[in-house]
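J.: Predicted model and sequence below, questions to follow.
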Amino acid sequence: MKVFTTDKIRNVVLLGHGGSGKTSLVEAMAYLSGMTTRMGVTENGNTISDYEKEEVKQGISIKTSVIPILWDDCKVNILDTPGYHDFIGEAEEAASVADAAIIVISGKSGIEAGTRRAWEFCEKRKLPRMFFVTDMDIDKASYRQVVEELQDLYGKRIAPFHLPYRENEQFVGYVNVIQQQAKKWNDQGKIDKVDMPDYLKENLAICREALMEAVAETSEEFMDRYFSGEEFSEDEIRQALRVSVHEGSIVPVLMGSNTMARGMFTLMVDIIKYFPSPDQCKVAGINTLNNEVFDANYDFSKPKSAYIFKTIADPFIGKYSLIKVNSGVLKTDDVLFNYHRDAEEKIGRLYVMTGNKAEEVSELHAGDIGALAKLSVSQTTDTLSTRKMPVTYIRTNISKPYVYKRYKAVKKGEEDKIAQGLAKMMMEDLTLRVENDGANGQTLLYGISNRHLETAQSVLLEKYKVEIELLRPRIAFKETIRKKADTEYKYKKQTGGHGQYGHVKMTFEPSGDMDTPYIFEETVVGGAVPKNYFPAVEKGLDESVKKGPLAGYPVIGVKAVLYDGSYHAVDSSELAFKVATQQAFKQGFMAANPVLLEPVASLKVLAPDEFTGDIMGDLNKRRARVLGMNPVEGGQQEVMADIPYLELYGYDTSLYSMTRGSGTFSYEFARYEQAPEEVAKKEIEANKADEEKV
């Protein structure tokens, strides 16, 4: 592939609800540009973007793909992202390096949860954007309804550029709202200008009025001219649109049919015409030598720097670090410095990725997106620069995973292979996380949703040939006591020769410190228990609190006092006193009104206002205490509640169902509370059943 300068580059992320047509739109773009000779179909698993076997299997995008499309002497780097919230980390990575966005909407399905989420993405990152309405070849698709809903949601910023033109229920052309001209596709796939059908004139007038209002808002002069009834010229309209689309004050709406490859020509032209090249955008980092701002601004004349926004770690194609060049010009065999890792990386060859296919290039100019192979230490969100000018850019804020399950190997002995496979997957997907919960004897896999975890399980089997079982996690209950108990235990064993003898008298009571398993004190007088056995007593306590006698959970908040006992000059040993302490602990703990404590989380649920009733009803069923609600911008509500961790299991699925995919949640540990009697009873019985199995 040839080298493109900064002004000839456009970086565009495709966002939208899952199934809205992003991947098929890429196929149509690639076909029209001459990049491919035939369009792939998602259902057939032969698209450029969806190359992973799991994507083919599920029929959806799971990973972000970069597809560089050459058009009119420019390179448009299309970042095709997954639409489902389960894989939101991929979209966040792609949006971090995009200079503009196309939000794809199915004309048949209309505005969905992913549409609103895409808009919020763009608002948060101040990305210029346009909407593209697909499925216009389907009779039930309603472009007008989509435009009206968008205007209801986002106001006068919404400016329809085109109208669909139908004949005999067939999608045959479009009306250019700016030119007020009807155009029809001929047998060669080219456009013929035609007379406008009467039925379109009324819709054109409505759309034209909306467009002119949006243009008039761009300046006081235009506003005055608009109210005086003066017409704007086509050049004036387009010039105003260029500035306003770049600023985000006007959001164009275009439409077409992906399967018929109609509407993409005008889309590509408008991408080049209205979206900014990187040299019209700003980006800044920190010069770590003096902590001053480094205004990179995609300037090719400044010192080299690049941001790693994504990693591909595939056992078949190898490891690639996807980068955006923020300043300078990268060339083959450059040596770059990673400030975060304090290491130099020889970058070797430079590549441009098209899906999973790497094509070598001689250099990458500022603003371009490319790939580096086999970097030794650099990871996603790291910065590469020069040692003379070590720069760092703000790391992309990736969604935190809150859904988790415990996992175990299906086949014994594959634990190391599983760990290696998951490590590579976490390198690619920052929303996957593994946590070792030693206190409860489990290893946890965290993700965005249950579907996300099941996909990871499937990828492990398909790509790394190891199988895991996903199970309900063991909740991190704790055990403690509510009153004081006095107990003693004498451990005496005679087996010929030296025996074993240890005798302790101890009290156990609540310590008041719920952050510490136990506090140990000794008040022995007269040498009833020699001082050299005190560490053995404490060791017995230390081992006992790891698995409490009530239900096998860790113990907290206990004060243990050794006040008396006895010893044998020959038979006493550290082991004997440790065992005596462990038995005394069991007796004393069970006599001191033991209770089970359950972890409670502070939960925040964000969803459209219309779903708050269902959400609060469901939370009440889950033993949650609703603390309040806060209205949030965009007609949403934030519901705050305290909820037991036990009741969070499966919450992502319930929330998705209740809110039709528009609700999200987050939580953090708040405290421990005494578990209700029925919950405690169930856990104690489950522990007894486990012990009987053993």
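T.: Yep, that arrived.
J.: Only alpha carbons, please: show stretch 422-436 as PDB.
T.: Taking Å, rounded to 0.1, in the frame of the first residue of the first chain, the C-alpha atoms of stretch 422-436 are listed here in PDB:
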ATOM      1  CA  LEU A 422      -6.200 -16.300  29.200                       C
ATOM      2  CA  ALA A 423      -3.100 -14.100  29.500                       C
ATOM      3  CA  LYS A 424      -3.100 -13.600  25.700                       C
ATOM      4  CA  MET A 425      -6.800 -13.000  25.600                       C
ATOM      5  CA  MET A 426      -6.500 -10.300  28.300                       C
ATOM      6  CA  MET A 427      -3.700  -8.700  26.300                       C
ATOM      7  CA  GLU A 428      -6.300  -8.300  23.500                       C
ATOM      8  CA  ASP A 429      -9.300  -7.600  25.600                       C
ATOM      9  CA  LEU A 430      -8.800  -5.200  28.500                       C
ATOM     10  CA  THR A 431     -12.400  -5.900  29.800                       C
ATOM     11  CA  LEU A 432     -11.400  -9.500  30.700                       C
ATOM     12  CA  ARG A 433      -9.800 -10.000  34.100                       C
ATOM     13  CA  VAL A 434      -8.700 -13.000  36.100                       C
ATOM     14  CA  GLU A 435      -8.600 -12.900  39.900                       C
ATOM     15  CA  ASN A 436      -7.400 -15.500  42.300                       C
END
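J.: In that stretch, which residues are buried?
T.: 422, 424-432, 434 (16 or more other Cβ atoms under 10 Å). Yep, even glycine has a C-beta here, placed from its N, CA and C like the rest.
J.: got it, and stretch 52-65?
T.: 52, 54-56, 58, 60-65.
J.: how far is it from where the chain is centred?
T.: 16 Å (Cα atoms, centre = their mean, to the nearest Å).
J.: So, low pLDDT: which residues of this structure?
T.: In the predicted model of the chain, residues 495-497, 691-694 satisfy pLDDT under 70.
J.: just to revisit the earlier point, which ones among the buried residues of stretch 52-65 map onto strands?
T.: S65 (DSSP state E).
J.: could the buried residues of stretch 52-65 go into CSV alongside distance to L471?
T.: Shown next, in CSV, are those (distance: Cβ to Cβ, whole Å):
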residue, distance to L471
E52, 26
E54, 21
E55, 26
V56, 28
Q58, 22
I60, 25
S61, 28
I62, 23
K63, 27
T64, 30
S65, 33
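J.: Keep only those of the buried residues of stretch 52-65 that are in helices.
T.: Judged by DSSP state H, the buried residues of stretch 52-65 include 54-56, 58 as members of helices.
J.: Closest to A456 out of those residues?
T.: Nearest to A456 among those: E54, at 9.3 Å, using Cβ to Cβ.
J.: for that closest one, what are its contacts?
T.: By Cβ atoms under 8 Å, 6 or more residues apart in numbering, the residues touching E54 are 62, 455, 458-459, 462.
J.: separation between the closest residue to Y553 other than its chain neighbours and E598?
T.: Using Cβ to Cβ, 6 or more residues apart in numbering and skipping the chain neighbours, the partner closest in space to Y553 is F477 (4.3 Å). Taking Cβ to Cβ, to the nearest Å as the measure, F477 and E598 are separated by 6 Å.
J.: which neighbours do those two share?
T.: A675.
J.: what's the neighbour count on G628?
T.: 8 (other Cβ atoms under 10 Å).
J.: Excluding sequence neighbours, find me the nearest residue to G540.
T.: Distances taken as Cβ to Cβ, 6+ apart put T581 closest to G540, at 3.0 Å, once the chain neighbours are dropped.
J.: Verify the stated contact: that neighbour with L541.
T.: Yes. The pair T581 / L541 is scored as a contact, 6.0 Å apart, by Cβ atoms under 8 Å.
J.: Look at the two and report which has more neighbours.
T.: Counted by other Cβ under 10 Å, T581 and L541 do not tie: T581 has more neighbours, with 29 against 24.
J.: pull the CA atoms of the strand or helix carrying that one into CSV?
T.: Using DSSP states H and E, T581 sits in helix 574-591. C-alpha atoms of helix 574-591 as CSV (Å, rounded to 0.1, in the frame of the first residue of the first chain):
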residue,chain,number,x,y,z
GLU,A,574,4.7,-26.7,69.4
LEU,A,575,2.5,-29.1,67.4
ALA,A,576,0.6,-30.2,70.5
PHE,A,577,-0.2,-26.6,71.5
LYS,A,578,-1.1,-25.7,67.9
VAL,A,579,-3.6,-28.6,67.7
ALA,A,580,-5.0,-27.8,71.2
THR,A,581,-5.6,-24.2,70.1
GLN,A,582,-7.4,-25.2,66.9
GLN,A,583,-9.7,-27.5,68.9
ALA,A,584,-10.3,-24.8,71.5
PHE,A,585,-11.1,-22.3,68.8
LYS,A,586,-13.7,-24.6,67.3
GLN,A,587,-15.4,-25.1,70.6
GLY,A,588,-15.2,-21.5,71.7
PHE,A,589,-16.3,-20.1,68.4
MET,A,590,-19.4,-22.3,68.2
ALA,A,591,-20.3,-21.4,71.8
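J.: Any buried residues in that helix, and which?
T.: Quick answer for helix 574-591 (16+ other Cβ under 10 Å): 576-590.
J.: and the residue nearest to G540, what does it touch?
T.: Taking Cβ under 8 Å, 6+ apart as the criterion, T581 is in contact with 489, 502, 504, 506, 536-537, 539-541, 544, 562.
J.: Roughly how far does it sit from K539?
T.: 8 Å.
J.: Regarding S657, what is its secondary structure?
T.: Secondary structure, DSSP: H, G, I helix; E, B strand; the rest coil: S657 is helix.
J.: what's it in contact with, if anything?
T.: Contacts of S657 (Cβ under 8 Å, 6+ apart): none.
J.: Distance check, it against R117.
T.: Taking Cβ to Cβ, one finds S657 at 17 Å from R117.
J.: same thing with A607?
T.: Distance from A607 to R117, by Cβ to Cβ: 12 Å.
J.: quick one: which of those two has more around it?
T.: Neighbour count, other Cβ under 10 Å: between A607 and R117, A607 has more, with 23 against 20.
J.: Pull the contacting residues for the more buried one.
T.: A607 touches 615, 636-637, 639, 655, 658-659, 662-664, counting by Cβ under 8 Å, 6+ apart.
J.: Recalculate using a threshold of 10 Å.
T.: 113, 614-615, 632, 636-639, 655, 658-660, 662-665 (Cβ atoms under 10 Å, 6 or more residues apart in numbering).
J.: ok so it is a helix residue?
T.: No. Under three-state DSSP, A607 sits outside any helix and is assigned strand.
J.: For it, give the beta-bridge partners.
T.: Q637 (DSSP bridges).
J.: can you tell me which residues contact the residue positioned nearest the centre of the chain?
T.: The centre of the chain sits closest to G89, judged by Cα atoms, centre = their mean, with a distance of 3.0 Å. The contact partners of G89, taken as Cβ under 10 Å, 6+ apart, are 64, 82, 310, 380, 396, 398-401, 428-432, 447-448, 452.
J.: So which of the residues you listed sit within helices?
T.: Using DSSP H, the contacts of G89 in helices are 428, 452.
J.: mind listing which of the contacts of G89 are in strands?
T.: Going by DSSP E, the strands hold 310, 447 from those.
J.: I figured D314 was touching K357, is that so?
T.: No. Using Cβ atoms under 10 Å, D314 is not in contact with K357; the gap is 11.9 Å.
J.: Export the ones in helices among the buried residues of stretch 52-65 as JSON lines, with columns for distance to V97.
T.: JSON lines is the format used below for those (distance: Cβ to Cβ, whole Å):
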{"residue": "E54", "distance to V97": "24"}
{"residue": "E55", "distance to V97": "21"}
{"residue": "V56", "distance to V97": "26"}
{"residue": "Q58", "distance to V97": "26"}
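J.: Which one of those is nearest to R406?
T.: Using Cβ to Cβ, E54 is the member of those that lies nearest R406, at 22.1 Å.
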